[in-house]
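Trainee: how would this look folded up:
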Amino acid sequence: MMSQWGNRCFKALRYVLLGTTLVLTAACSSDRSMIDLKRFVLDMHKSTQPSVESLPKLAPIPAYTYAASSLPDPFSPENVFPSASSADTEPEPEPDPLEPDPTRLREHLEGFPLDALQLVGIMILEGKLQLIVVTPDGMIHKVAEGAYLGRNYGRITEIDLEARSVGLEEVVKGADGRWQERTVSFLIGN
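Mentor: This next block holds a predicted model:
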C-alpha cells in the first residue's frame, strides 16, 4: 500500500517540478520577442497613412442684426417695479358682487363636499328649525338657516319641515370666470 501511495506522490511531484521549470524558463528568457513586437508596430504606423475624408463645405450663415435695441428693456426697474403714477392710469377692475368674502372664517361643514354629508333630520330648538347633519367621520352637527355647507360656499336659505327639504345657495365660478349663484335643494333622510 505504501508503494502505491509513494508512486502517486512521485508522479504528482514530477508534474509540479515540470510546471515550475517551464514557468521559470519562460520568465528568464530574453525580452527579444517584445522588442520585435514594438518594432513591428512602429514600422506599421510609419508606413500606413490613414485616409481622412475632407470636411464638407458649409453654406455661409447670414449675419443676424439685433433690431430690438430701440424697444424698452423689459427688465429695467421702471418695468419691473411700476411707479405709483402708472398704477393710477390702469383702471381697477370692478369687484364681483357675488365673490365670496376671503376674510370670512370658514365653518367646519364647509370642509366636506355636499355629497359626503348626510342630512338625517330636522328638529325645533328654541323656536328655530335646526338641520341635523352627519359628516363622513361620524360627527353629528346641528345647523340653522344662514349656516354654510359644502365646498362651494353653500349657504342654507330654507329648511322646510313639511316637505322635509333643505334649500341651499352655492356660489361657483362660471365658465366666464365670474361668480354665479346656483340653487340646490335636498330631501332630508334620503
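
Trainee: quick one: contacts for residue 137?
Mentor: With contacts defined as Cβ atoms under 8 Å, 6 or more residues apart in numbering, residue 137 has no neighbours. C-beta coordinates here come from the backbone N, C-alpha and C atoms, glycine included.

Trainee: same check, this time on residue 156
Mentor: Going by Cβ under 8 Å, 6+ apart, residue 156 touches 131, 143-149, 166-168.

Trainee: by mean pLDDT, flag the weakest helix or strand of this structure.
Mentor: The helix or strand of the chain with the lowest confidence, counting by mean pLDDT, DSSP states H and E, is helix 84-89 at a mean of 57.

Trainee: helix or strand right after that one?
Mentor: strand 118-125 (DSSP states H and E).

Trainee: now the next helix or strand after that following strand: buried residues?
Mentor: Downstream of strand 118-125, the next assigned helix or strand under DSSP H and E is strand 128-134. Neighbour counts over strand 128-134 (16 or more other Cβ atoms under 10 Å) mark 129-133 as buried.

Trainee: next: stretch 144-151.
Mentor: 147-151.

Trainee: need the residues you listed in CSV with pLDDT, can you?
Mentor: As requested, the buried residues of stretch 144-151 are arranged in CSV below (pLDDT from 0 to 100):
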residue, pLDDT
147, 95
148, 95
149, 93
150, 93
151, 93
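
Trainee: which members of those occur in helices, if any?
Mentor: If you go by DSSP state H, those have nothing in helices.

Trainee: closest to residue 176 among those?
Mentor: The closest of these to residue 176 turns out to be residue 151 (Cβ to Cβ; 20.8 Å).

Trainee: contacts only, for the closest one.
Mentor: Counting by Cβ under 8 Å, 6+ apart, residue 151 makes contact with 110-114.

Trainee: mind redoing it with 10 Å?
Mentor: Listed by Cβ atoms under 10 Å, 6 or more residues apart in numbering, the contact partners of residue 151 are 106, 109-114, 116, 170, 172.

Trainee: among those, who's most crowded?
Mentor: Neighbour counts for the contacts of residue 151, by other Cβ atoms under 10 Å, peak at residue 109, which reaches 20 neighbours.

Trainee: I'd like to know how far the closest residue in space to that residue that isn't next to it in sequence sits from residue 142.
Mentor: Once flanking residues are discounted, residue 109 sits nearest to residue 149: 5.0 Å by Cβ to Cβ, 6 or more residues apart in numbering. From residue 149 across to residue 142, the span is 12 Å (Cβ to Cβ, to the nearest Å).

Trainee: try residue 98
Mentor: 28 Å.

Trainee: and residue 177, by the same measure?
Mentor: Counting by Cβ to Cβ, the gap from residue 177 to residue 142 is 36 Å.

Trainee: higher neighbour count, those two?
Mentor: Remark: of residue 177 and residue 142, residue 142 carries more neighbours, 13 against 7, as counted by other Cβ under 10 Å.

Trainee: isn't the more buried one up against residue 123?
Mentor: Yes. Using Cβ atoms under 10 Å, residue 142 makes contact with residue 123 at a distance of 7.1 Å.
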